[in-house]
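Asker: no FASTA, just this:
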């Protein structure tokens, strides 16, 4: 006697199985281990079990064999809702590690217990209190476990996943909206088919259309994969690479709304990713600056913190804008170090005064400003006398201490706004930015106070010579410096024949 018979009524199931196998092959070719892919593969496997068992039920001739394959179908019936939920959760939260194993086990607890009761139904009768075989089939009476576990639990889990997708659809924009819509259609089709079957509406004359509806749901998923990159490697890469970056990374849709963000961006925004998705970035992070396409700017959200922002436009193969990505890097340490290096490049390491490079740059800038504002500028070149004697008699450490003491005295002896520099060795300079032409006596008095301060610090050998040149004598920085330098040497020669700074010796 023949055990199985092929009929034309099986064509929808065969086509559904072909679609399921094609989707399985395509997904396996991607060689991904992301939670989303694993959940989708579980969904395809469960649907395959349902379809194959349904095919075998209709191919079988004996009622007992039909009843065996009818019960096998419930492996797929009970696991598909859980696989769908895991797929939805992995899709909505690609930064996380998918549904936690404990939650999956909890979701599978009811299906596992139910499958166990189905296996021993002949003894307990909890799922089907009555099973009666007849010619070409069987009749059953559905018990409480069937309605609570098979119908109630499975549909509740399915509706839960659909509700989450509906919430995500309202918040999604652009590409993300297309991805969510594709999954939503795929989830709703088998749910509607199952509800219609329970209500007695037969979409297929001799079959439950739910596994076929599930296979049909894979079509919008395939379209979403081709059109919107649905279930591609991005979630896995985002979780494993982008999510671990110290830089804040945000993906935006064309309207500037947040599609995804990593942990660093969530910390920067001060809100969890779930509260940021679907909202404008300017709303998620107050004070966020406007960014032009493919540019980068410096952003200082709080005093002492500096971020470098880089925006890049994301386009499809046809050049259409899909959205943009923004990378925010905390460059505070780099900016501070850069400022320190620049400061050291213009600062004397021993005295902390500005150095020769700073003096030359400031002199050129002030001469330009003086010409525009019609005011005078004074250039003073100073030589610290007695440094060599200190070095020879007491060592260079004592000489360095003299330089520091004299530098401190100079800084406190000139007016606020005047700038003091150490040009190198025992040579100093002062820019007199006063608006009027300074006199020699004014400079001599200031220098006398500086020398007095150095002597009070224990350096009786301290003395100084100076030369003054003003902007009324020329507007060339090098020429003015040379002129002040010549006058400094003339002052030194004159004082060697007369007296120290502060005495009536006349400036040449």
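Answerer: Looks like it came in fine. What you are looking at is a predicted structure, and each value in this text was computed from that prediction instead of being measured.
Asker: In the stretch 301-450 of the chain, mark out all the strands, start to finish.
Answerer: 307-315, 321-330, 376-385, 419-424, 427-435 (DSSP state E, counting those that start in this stretch).
Asker: and if you look at the chain?
Answerer: 130-134, 137-141, 248-252, 258-261, 296-299, 307-315, 321-330, 376-385, 419-424, 427-435, 463-470 (DSSP state E).
Asker: what's the first one packed up against?
Answerer: Of the remaining helices and strands, those touching strand 130-134 by 3 or more C-beta pairs under 8 Å, 6 or more residues apart in numbering; DSSP states H and E are helix 63-92, strand 137-141. The C-beta positions use only the backbone N, C-alpha and C, and glycine is treated the same way.
Asker: just those: most buried one?
Answerer: helix 63-92 (a mean of 21; mean count of other C-beta atoms under 10 Å).
Asker: ok and that one relative to strand 137-141, angle-wise?
Answerer: With axes from the mean of the first three to the mean of the last three C-alpha atoms, to 10 degrees applied, the angle from helix 63-92 to strand 137-141 works out at 60 degrees.
Asker: what about helix 63-92, average pLDDT?
Answerer: Averaged over helix 63-92, pLDDT sits at 90.
Asker: mind checking how far that helix is from the chain centre?
Answerer: 39 Å (C-alpha atoms, centre = their mean, to the nearest Å).
Asker: could you give the angle of that helix to strand 130-134?
Answerer: Going by the same axes, to 10 degrees, helix 63-92 makes 120 degrees with strand 130-134.
Asker: Let me have the strands of the stretch 301-450 of the chain in a markdown table, adding mean neighbour count as columns.
Answerer: Below are the strands of the stretch 301-450 of the chain laid out as a markdown table (neighbours: other C-beta atoms under 10 Å):
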| stretch | mean neighbour count |
| --- | --- |
| strand 307-315 | 16 |
| strand 321-330 | 19 |
| strand 376-385 | 24 |
| strand 419-424 | 21 |
| strand 427-435 | 21 |
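Asker: before we move on, the earlier item: tell me which of the strands of the chain sits nearest to residue 89.
Answerer: strand 258-261 (15.0 Å; C-beta to C-beta).
Asker: Which strands or helices does that closest one pack on?
Answerer: By 3+ C-beta pairs under 8 Å, 6+ apart, strand 258-261 packs against helix 174-198, strand 248-252, helix 273-276.
Asker: One more pass at 7 Å, please.
Answerer: In terms of contacts (3 or more C-beta pairs under 7 Å, 6 or more residues apart in numbering; DSSP states H and E), strand 258-261 is packed against strand 248-252, helix 273-276.
Asker: Pick out the shakiest of the ones you listed, pLDDT-wise.
Answerer: For the helices and strands packed on strand 258-261, where the average pLDDT is lowest is helix 273-276, sitting at a mean of 82.
Asker: Which positions in that helix come out as buried?
Answerer: 273, 276 (16 or more other C-beta atoms under 10 Å).
Asker: Check the offset of it from the chain's centre.
Answerer: With C-alpha atoms, centre = their mean, you get 14 Å for helix 273-276.
Asker: what residues does it touch?
Answerer: With contact meaning C-beta atoms under 7 Å, 6 or more residues apart in numbering, helix 273-276 is reached by 95, 258, 261, 266, 269, 284.
Asker: Export the strands of the chain to a markdown table and append columns for distance to residue 102.
Answerer: Output for the strands of the chain, formatted as a markdown table (distance: least, C-beta to C-beta, whole Å):
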| stretch | distance to residue 102 |
| --- | --- |
| strand 130-134 | 36 |
| strand 137-141 | 35 |
| strand 248-252 | 29 |
| strand 258-261 | 25 |
| strand 296-299 | 41 |
| strand 307-315 | 36 |
| strand 321-330 | 34 |
| strand 376-385 | 77 |
| strand 419-424 | 69 |
| strand 427-435 | 73 |
| strand 463-470 | 81 |
